[in-house]
Structure formats: C-alpha cells, structure tokens
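Chemist: could you look at this predicted model? Sequence included:
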Amino acid sequence: MHVLLRVGVTVLLASQVISAQMPSGDTLDIYWIDVEGGSATLIVTPTNESILMDAGWPRSDERDAQRIQAAMADAGIDRLNYFITSHFHTDHVGGLTALADRVAIDQFIDHGDSVEDNPELWNPYLAVVAGKTRRSVNPGDALHLSGLEFMFVTSNGQTLRSGLSPSGPNALCDEASSTEPDMGENGRSVGYLLSFGSFQFLNLGDLTVDRQHTLACPVNTLGTVDLLQVPHHGNDLASELLWALMPQVTISSQGPHKGGSAEGFEVISRIPEIEDMWQVHRALDTDDAHNTEAQLIANHTDEDGCPGHWLKATVHQDGRSYTVINGRDDSRQTYISR
C-alpha cells in the first residue's frame, strides 16, 4: 500500500510523482456516496449516460437524496438514465422516493418483485415506478451504453454460469465451506460487471456467500477485475471468489457501525496482489488493525455531524489507468489497469 502526501498540485508517493491534473473528457466516473452504511453507487459514462445503483436510507431530512444530488452535480448531470435496485432492503432502496421527487429518472431496473414481506419498501417502489419503464433483468442481460460494456452477472438468486474468460477449475474451491442457500432479498441482489477498455469494475450488491460461491466454483466465471466494490458492505465474504477475482483495488461502502467486519477485512487483506483497500467510512466498532490506512478512508467520524464525503474513481481514456479520489481532502492515487 502507498503513503500519499498532497503537495501543491501534485501527489507524492513513495517512489513516484503523479500529477493531480486529470485528463479532460472521455473519462468514466464512479462515485461511492456516503449513505452511512447503506449503498449508493453512481456511474457517469464518457458520453454522460448515468446509472445509479441504490439510494440509501429513508429519512425525513432526505439526507441521502441530497448527498446523491451533490455527487450528480459534481459529475455535471441533473437526471438519471437508469436506476438499479440491487435488492429490496431499507438501506438500499429506502431513499428512492425522496430522490425521485428531486431528480428525473428514465428507467428502473430490478431483479423482479420483492420476496420478503416489506410493504413499507415495496409499495413506495411501485408508486415511484408507476407509468415509468421498469425492467427486471437476468444474468447475461446487458445495458447498451456507448463506449463500454455493462453486463448483469447476478439477479433473483441466479448467477452467470458461463465463463467470460477461459479458466480452469478454481483450486480455492477445494477448501471452501458449504453454506445454506439464502432465499431472501440479499441472495437475489442484482450485480454487474462494467468494462471500459482494459478496465473492469464489479459490483455485486449484498450478494450472499452461497451466491458468491456459485460465481467462483467450480470455475471462476468472471475472471479478474481491477476494481471491486466489496460485497455486502464488507461482511460475509467468500474468499474463493474474492481471491480468484484478484482485484487491484477494493472499495467498501460501509458505515461507522454497519459493515466493515473484522472477518471481512481479513479476507480482503489477503487478496493476492491487492494494492489498496479504500473505505467510505471508518468502522468504529473494530480496531485500527481492521481498518485501512487513514488516507484511504473518506469519513472518520460517527454519523451525527458527518459531512458525508464520497470516494470517486476516474477511469481515463481506453481504461488504461484510473485514479481514486478521496472527497475528504482531494488526495488521490492512480493505478495502471491490469
């Protein structure tokens, strides 16, 4: 891992100096918005197409909707082309009603109807999508976006079964412990793989360990990725998948008291060849040994009074490199896509 020091307009690393000036135009931007332990991940493509997966919590002060709007403004957009509900849990879709009152949304994507008894979420969702385009997706379906590939790899308890790249048996499966299938909403999470040139980003929502296992065993169906949004806020991770994916960088969308378990941190830290582990929030219920380096954490305080800084990845033209930016102090690190 690297130590970053901001000096003027440059970032000094242990062995190199990287200009803080970003290439203009033709970039793919990904924001991890701080919704205090929920999830809201915004993607803005080089042609200004926009995709938001999840919208955080329901709150009377509409905090999460406001934070999403702030990220949209930073990205230079004022409407969403696609809203993806990973699954119907409060910390993922609870903030949608407030957001839809503020922002135009063209199309809604989900895994199908909720399988849990949660009318407090399901009924408002139906009200928001009424009269709009709603699409339920399956693994292998795609969003047709200009200049990049966006494939759904999990949905409604199903996972992509044919490999995207040639791969033999995954030796990590030999030591994997079996788990009971999760038939609830987490196990039905919509997940996607985004490819932009040589860059690949994977987001699996709150996919459960048993479904993570099916992606990895007996063959890793996804190959390797550059950037991974850690599943389920850093809890309940299948090492046979994460270690086979071999992400260069991980980002954990966790809160001060939700997600970021010590066990999950151990799994992530042992990923082969990992360079950096970024966190939207410091996990306050565990020790320093189970949090990443301070400069790789966007928010260090408890929820009350937290300014809600985002993390952002800017993927440069052709996906050959990408820069992760900490919204707290604008410190950044650039990586070469593998």
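Modeler: Now that the structure is in, tell me what you want to look at.
Chemist: what sits closest to Asn170 if chain neighbours are left out?
Modeler: With sequence-adjacent residues excluded and distances taken as CB to CB, 6 or more residues apart in numbering, Asn170 is closest to Asn220, at 4.8 Å. In this view, the C-beta of every residue, glycine as well, is placed from N, C-alpha and C.
Chemist: I figured that neighbour hits Gly168, correct?
Modeler: No: applying CB atoms under 8 Å, one finds Asn220 not in contact with Gly168, separated by 9.2 Å.
Chemist: which one's more surrounded, those two?
Modeler: Neighbour count, other CB atoms under 10 Å: between Asn220 and Gly168, Asn220 has more, with 24 against 9.
Chemist: what sits against that one?
Modeler: Neighbouring residues of Asn220 by CB atoms under 8 Å, 6 or more residues apart in numbering: 163, 167, 170, 241, 244-245.
Chemist: what does the pLDDT read for Arg338?
Modeler: On the pLDDT scale, Arg338 is placed at 88.
Chemist: and for Ser19?
Modeler: In this prediction Ser19 is given a pLDDT of 30.
Chemist: where along the stretch 151-300 of the chain do the helices fall?
Modeler: Using DSSP state H, counting those that start in this stretch, the helices found in the stretch 151-300 of the chain span residues 209-216, 239-245, 262-269.
Chemist: now the ones you listed in TSV, with distance to Val225?
Modeler: Output for these, formatted as TSV (distance: least, CB to CB, whole Å):
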stretch	distance to Val225
helix 209-216	12
helix 239-245	5
helix 262-269	13
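Chemist: make a markdown table out of those and add distance to Arg282, mean neighbour count and mean pLDDT.
Modeler: Formatted as a markdown table, these follow (distance: least, CB to CB, whole Å; neighbours: other CB atoms under 10 Å; pLDDT from 0 to 100):
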| stretch | distance to Arg282 | mean neighbour count | mean pLDDT |
| --- | --- | --- | --- |
| helix 209-216 | 25 | 22 | 94 |
| helix 239-245 | 21 | 23 | 95 |
| helix 262-269 | 12 | 17 | 95 |
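Chemist: tell me which of those helices lies nearest to Leu99.
Modeler: Closest approach to Leu99 among the helices of the stretch 151-300 of the chain is made by helix 209-216 (27.1 Å; CB to CB).
Chemist: excluding chain neighbours, what is closest to the residue nearest the centre of the chain?
Modeler: Residue closest to the average C-alpha location in the chain (CA atoms, centre = their mean): Gln229, at 3.8 Å. Leaving aside its sequence neighbours, Gln229 sits nearest to Asn203 (CB to CB, 6+ apart; 4.3 Å).
Chemist: Ser321 now?
Modeler: Nearest non-adjacent residue to Ser321, counting by CB to CB, 6+ apart: Ile336, 5.2 Å away.
Chemist: residue contacts, Gly260?
Modeler: Gly260 makes contacts with 233-235, 252, 254, 279, 281, 283, 286, 290-291, as judged by CB under 8 Å, 6+ apart.
Chemist: which of the residues you listed count as buried?
Modeler: 233-235, 252, 254, 279, 281, 283, 290-291 (16 or more other CB atoms under 10 Å).
Chemist: could I get these as a markdown table with pLDDT and distance to Ile51?
Modeler: Output for those, formatted as a markdown table (pLDDT from 0 to 100; distance: CB to CB, whole Å):
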| residue | pLDDT | distance to Ile51 |
| --- | --- | --- |
| His233 | 94 | 20 |
| Gly234 | 91 | 22 |
| Asn235 | 92 | 24 |
| Ser252 | 96 | 20 |
| Gln254 | 95 | 21 |
| Gln279 | 97 | 23 |
| His281 | 96 | 23 |
| Ala283 | 95 | 27 |
| His290 | 96 | 31 |
| Asn291 | 96 | 29 |
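Chemist: looking at the residues you listed, which are in strands?
Modeler: 252, 279, 281 (DSSP state E).
Chemist: the second one pairs with what?
Modeler: Under DSSP bridges, the beta-bridge partners of Gln279 are Ser252, Ile297.
Chemist: that older thread, in JSON lines, list the contacts of Gly260 along with distance to Ser136.
Modeler: Shown next, in JSON lines, are the contacts of Gly260 (distance: CB to CB, whole Å):
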{"residue": "His233", "distance to Ser136": "24"}
{"residue": "Gly234", "distance to Ser136": "28"}
{"residue": "Asn235", "distance to Ser136": "26"}
{"residue": "Ser252", "distance to Ser136": "28"}
{"residue": "Gln254", "distance to Ser136": "28"}
{"residue": "Gln279", "distance to Ser136": "32"}
{"residue": "His281", "distance to Ser136": "31"}
{"residue": "Ala283", "distance to Ser136": "34"}
{"residue": "Thr286", "distance to Ser136": "37"}
{"residue": "His290", "distance to Ser136": "37"}
{"residue": "Asn291", "distance to Ser136": "37"}
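Chemist: and Glu180, what's its pLDDT?
Modeler: Model confidence at Glu180, given as pLDDT, is 81.
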